[in-house]
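**Q** got a predicted structure plus its sequence, pasted below:
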Amino acid sequence: MTEPHDAPSAAELVAAVREFLEGDVMEATDGRVRFHARVAANALSMVERELALGPGQRADHAAALASLGVADEAELAAAIRSGRLDDRLAEVTAVVRATVRAKLEVANPSYVRGA
């Protein structure tokens, strides 16, 4: 919990809405409304994961980019295009893979499991 906010936290509010959609709305509806409730619940699941994992992922990503001497993904892309990092292919590959993995851990962790 971050001061000055009281309970419930943002993560708890998101979880409550997701649970309402999954439990009450999806069970009581069908067709288009059920589909949209599922989409909304999935979006809220992504928000929950980003709230939980995001700070650590951001720090790891910033450190990885800094290790390559770039400030952000746009600069990394430019460095790759220009050939500036051609002699560091293994490092670049590791950073790009870690970046994709972090994005999947938030967007859809089932794509990462077993990988």
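**A** Done, it's in.
**Q** could I get the full set of helices for the protein?
**A** 10-20, 26-28, 31-67, 73-82, 89-107 (DSSP state H).
**Q** what's the neighbour count on V39?
**A** 11 (other CB atoms under 10 Å). Where you see a C-beta, it was placed from the backbone N, CA and C, and this is true even at glycine.
**Q** could you dump the helices of the chain into CSV and include mean pLDDT?
**A** Converted to CSV, the helices of the chain look like this (pLDDT from 0 to 100):
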stretch, mean pLDDT
helix 10-20, 95
helix 26-28, 94
helix 31-67, 97
helix 73-82, 98
helix 89-107, 97
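**Q** for V17, which residues are in contact?
**A** L44 (CB atoms under 8 Å, 6 or more residues apart in numbering).
**Q** whoops, I mixed them up, D72
**A** L65.
**Q** among the helices of the chain, which is nearest P4?
**A** Counting by CB to CB, P4 lies closest to helix 10-20 out of the helices of the chain; the figure is 13.3 Å.
**Q** now do the closest one: distance to the chain's middle.
**A** 17 Å (CA atoms, centre = their mean, to the nearest Å).
**Q** send me that helix as PDB with only the CA atoms.
**A** What follows is helix 10-20, C-alpha atoms only, in PDB (Å, rounded to 0.1, in the frame of the first residue of the first chain):
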ATOM      1  CA  ALA A  10      -5.400  -0.300  -7.000                       C
ATOM      2  CA  ALA A  11      -4.500  -4.000  -7.400                       C
ATOM      3  CA  GLU A  12      -7.300  -5.000  -5.000                       C
ATOM      4  CA  LEU A  13      -9.900  -2.900  -6.900                       C
ATOM      5  CA  VAL A  14      -8.800  -4.300 -10.200                       C
ATOM      6  CA  ALA A  15      -9.100  -7.900  -8.800                       C
ATOM      7  CA  ALA A  16     -12.600  -7.200  -7.400                       C
ATOM      8  CA  VAL A  17     -13.900  -5.900 -10.700                       C
ATOM      9  CA  ARG A  18     -12.300  -8.800 -12.600                       C
ATOM     10  CA  GLU A  19     -13.800 -11.300 -10.200                       C
ATOM     11  CA  PHE A  20     -17.200  -9.700 -10.600                       C
END
